[in-house]
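K.L.:
structural data only, the sequence is not supplied:
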């Protein structure tokens with residue numbers, strides 16, 4: 001190949017053969033070689049374009065390398081900033097710094113392996129190379145180099161690897177490695193994804209136990225978990241952080257699963273618990289319990305919140321079933337919106353009349369796992385477990401409903417029964433979670449879309465993924481809330497709103513919301 005970096009431009013003239021009816025051809029005139037490459041053309045007379053040959057220009061390769069480096073450096077820089085803010089003078093401890101520093105290193109290594117290894121090795125383009133329009137390929141075969149070779153080239157340069165323009169690679173027959181779409185390979189990828197999520201969830205839970213207003217060492221944490229004898233660290237871990245972490249995990253799993261079910265049954269990609277009026281029902285009953293009975297502790301008005309969600313679901317399901325005898329996705333959304341608006345108006349009317357009720361309600365409505373002990377967890381746990389079992393059992397029927405009611409009915413599905421079972425599961429999950437922690441937004445809305453991007457539309461996999469992702473998101477948001485305003489705390493509902501909104505906007509911009 002020529003030595004100049006820009007490559008010698010080869011004039012490619014594509015001419016449509018109108019008279020003879022023969023196949024169109026491309027004539028390539030280089031310095032010393034001429035070849036004909038068949039291409040597809042339109043019925044226009046002819047087109048002319050230039051295809052560069054040889055390696056890509058140096059500036060393109062440098063820009064791509066710098067952008068790929070920035071992708072890896074971003075989590076490292078963020079981790080360094082967090083670790084620096086957690087100095088001893090600022091109330092941080094060695095465990096806090098180790099957790100966030102280690103997490104940033106793991107994320108950076110994961111991005112490096114995925115971006116420069118698997119993605120570039122199989123498709124020829126890392127994220128940055130795709131942005132600037134260059135391809136990494138084998139100079140001998142003009143094909144992909146594979147993940148192992150791509151990662152090895154980061155440590156030891158490989159002379160048989162070259163970087164060319166995207167148009168050059170396409171014209172010279174570069175074909176990315178096709179993704180294995182067999183059933184066995186898909187199942188392996190999904191099981192591996194679940195395993196990765198479980199590992200991440202365990203790490204996040206350990207971080208939740210380790211991080212807080214009172215810095216703890218690893219020795220103190222280990223002693224508190226396995227050999228507690230009543231020290232200050234033991235009390236902090238066993239009575240404050242452990243219940244909070246377990247409750248956050250279970251509520252996050254519950255909200256993720258409930259969000260997937262709500263979007264599946266309403267066929268609405270923007271649906272969450274608020275759409276069906278469940279949060280509004282819980283809020284109304286909590287306000288009434290505070291106003292009429294003077295209740296103030298979460299364990300006292302928990303059952304009122306659950307009852308409010310349950311009654312709201314009954315009203316919504318009943319209103320949506322009036323007329324044709326069954327609840328359709330559209331009627332469920334409309335009835336839920338009407339009930340939610342009515343209950344919100346009634347709640348606001350009570351709050352305007354009583355300042356004390358307003359003071360108690362405003363702490364509950366932001367959503368938080370702080371201040372909840374095992375007493376709250378044990379009260380809602382049976383409902384959460386039953387709701388999760390019903391949700392998992394109903395996923396095959398939800399797959400059929402996603403094909404359309406006519407198709408599902410033709411395949412023998414009882415539409416009314418499947419939708420009723422789904423509403424019962426949603427009510428148990430959302431009602432118990434809202435009763436325990438207050439209305440927590442964005443998990444039920446965002447998590448199902450992330451899970452759907454990984455698993456596809458199969459609810460047998462989507463629901464477990466949504467549950468694990470919801471647990472990770474809620475516990476991680478709780479950990480972040482303890483750090484950003486140290487020594488104070490931000491409620492998890494506020495953290496999810498602050499970080500969840502930009503994340504959801506980025507998700508919508510990156511991929512179109514699936515039509516459910």
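P.N.:
Received the coordinates, thanks. Note that the structure is predicted; figures quoted are calculated from it, not measured. Residues are numbered from 1 along each chain as shown.
K.L.:
what's in contact with stretch 371-387?
P.N.:
Residues outside stretch 371-387 that contact it (CB atoms under 8 Å, 6 or more residues apart in numbering): 239, 243-244, 246-247, 250, 254, 257-258, 298-299, 302-303, 306, 424-429, 431-433, 435-437. C-beta coordinates here come from the backbone N, C-alpha and C atoms, glycine included.
K.L.:
one more time with 7 Å
P.N.:
By CB atoms under 7 Å, 6 or more residues apart in numbering, the surrounding residues in contact with stretch 371-387 are 243-244, 246-247, 250, 254, 298-299, 302, 425, 428-429, 432, 435-437.
K.L.:
which one of the residues you listed is nearest to residue 280?
P.N.:
Nearest to residue 280 among these: residue 435, at 13.7 Å, using CB to CB.
K.L.:
how many neighbouring residues does that closest one have?
P.N.:
Number of residues near residue 435 (other CB atoms under 10 Å) recorded here: 26.
K.L.:
what strand or helix carries the residue nearest to the spatial centre of the chain?
P.N.:
The chain has residue 450 as the residue nearest its centroid, 3.5 Å off, counting by CA atoms, centre = their mean. Residue 450 belongs to helix 443-455 when assigned by DSSP states H and E.
K.L.:
re earlier: from the contacts of stretch 371-387, which would you call buried?
P.N.:
Using 16 or more other CB atoms under 10 Å as the burial test, the contacts of stretch 371-387 include 243-244, 246-247, 250, 254, 298, 302, 425, 428-429, 432, 435-437 as buried.
K.L.:
those helices in the stretch 101-250 of the chain, which residues are they?
P.N.:
Secondary structure of the stretch 101-250 of the chain (DSSP state H, counting those that start in this stretch): helices at 120-123, 127-132, 147-155, 166-171, 183-210, 218-226, 232-235, 242-266.
K.L.:
correct me, but residue 79 touches residue 104?
P.N.:
Yes: taking contacts as CB atoms under 7 Å, residue 79 lies within contact range of residue 104: 2.3 Å.
K.L.:
coming back round to it: list the contacts of the residue nearest to the centre of the chain.
P.N.:
Applying CB under 7 Å, 6+ apart, one finds that residue 450 lies in contact with residue 469.
K.L.:
can you tell me how far it sits from residue 240?
P.N.:
Separation of residue 450 from residue 240 (CB to CB, to the nearest Å): 30 Å.
K.L.:
so residue 448 touches residue 263, yeah?
P.N.:
Yes: here residue 448 reaches residue 263: they are 5.2 Å apart, a contact under CB under 7 Å.
K.L.:
name the residues of stretch 466-484 that are buried.
P.N.:
466-483.
K.L.:
my bad, should have said stretch 178-198
P.N.:
Those would be 186, 190, 193, 194, 197, for stretch 178-198 by 16+ other CB under 10 Å.
K.L.:
wait, the fourth one touches residue 464, no?
P.N.:
In other words, residue 194. Yes: assessed by CB under 7 Å, residue 194 is found in contact with residue 464 at 6.5 Å.
K.L.:
look at residue 7 and report its pLDDT.
P.N.:
pLDDT for residue 7: 41.
K.L.:
what's the answer for residue 40, then?
P.N.:
Model confidence at residue 40, given as pLDDT, is 44.
K.L.:
cool, and residue 45?
P.N.:
Residue 45 is assigned 45 on the pLDDT scale.
K.L.:
likewise residue 10?
P.N.:
Looking at residue 10, its pLDDT reads 39.
K.L.:
check residue 120 too.
P.N.:
pLDDT, read off for residue 120, is 93.
K.L.:
residue contacts, it?
P.N.:
126, 129, 136, 150.
K.L.:
next one: residue 207
P.N.:
So residue 207 contacts 99, 479 (CB under 7 Å, 6+ apart).
K.L.:
what about 10 Å?
P.N.:
Listed by CB atoms under 10 Å, 6 or more residues apart in numbering, the contact partners of residue 207 are 95-96, 98-100, 102-103, 245, 475-476, 478-479, 482.
K.L.:
lowest pLDDT pick from the buried ones among the contacts of stretch 371-387?
P.N.:
residue 298 (73).
K.L.:
flag every buried residue along whatever helix or strand residue 59 lives in.
P.N.:
For residue 59, the host element (DSSP H and E) is helix 58-85. Using 16+ other CB under 10 Å as the test for burial, helix 58-85 gives 60-61, 63-64, 67-68, 71-72, 75-76, 79, 82-83, 85.
K.L.:
ok, so of the residues you listed, who is nearest residue 343?
P.N.:
Here the nearest of those to residue 343, counting by CB to CB, is residue 82; it sits at 40.4 Å.
K.L.:
now that closest one. Nearest residue, chain neighbours left out?
P.N.:
residue 100 (4.6 Å; CB to CB, 6 or more residues apart in numbering).
K.L.:
so that neighbour lies in a helix, does it not?
P.N.:
Yes: under DSSP: H, G, I helix; E, B strand; the rest coil, residue 100 sits within a helix.
K.L.:
and residue 92, which of the three is it?
P.N.:
coil.
K.L.:
surely it meets residue 210?
P.N.:
No: at 11.4 Å, residue 92 does not count as touching residue 210 under the criterion of CB atoms under 10 Å.
K.L.:
residue boundaries of the helices in the stretch 401-516 of the chain?
P.N.:
Remark: helices assigned in the stretch 401-516 of the chain by DSSP H, counting those that start in this stretch are 405-410, 415-437, 443-455, 459-483, 492-510.
K.L.:
reformat the ones you listed as CSV; add distance to residue 389.
P.N.:
Listed next are the helices of the stretch 401-516 of the chain as CSV, based on distance: least, CB to CB, whole Å:
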stretch, distance to residue 389
helix 405-410, 22
helix 415-437, 9
helix 443-455, 19
helix 459-483, 12
helix 492-510, 26
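K.L.:
relative to residue 181, how far out is residue 122?
P.N.:
Between residue 122 and residue 181 the distance is 14 Å, computed by CB to CB.
K.L.:
which one is residue 212 nearest to, not counting chain neighbours?
P.N.:
Leaving aside its sequence neighbours, residue 212 sits nearest to residue 482 (CB to CB, 6+ apart; 5.6 Å).
K.L.:
kindly apply the preceding question to residue 393 instead.
P.N.:
Once flanking residues are discounted, residue 393 sits nearest to residue 421: 7.9 Å by CB to CB, 6+ apart.
K.L.:
wait, doesn't the one you found sit right on residue 390?
P.N.:
Yes: using CB under 10 Å, residue 421 is in contact with residue 390, at 6.3 Å.
K.L.:
now do the shared contacts for those two.
P.N.:
residue 261.
K.L.:
can you give me the helices for the stretch 251-400 of the chain?
P.N.:
278-293, 298-321, 329-353, 355-365, 374-393, 395-401.
K.L.:
is it correct that residue 51 falls within a strand?
P.N.:
Yes: Residue 51: assigned to a strand according to three-state DSSP.
K.L.:
next, count neighbours for the nearest residue to it once chain neighbours are set aside.
P.N.:
Nearest non-adjacent residue to residue 51, counting by CB to CB, 6+ apart: residue 171, 4.8 Å away. When neighbours are counted by other CB under 10 Å, residue 171 registers 20.
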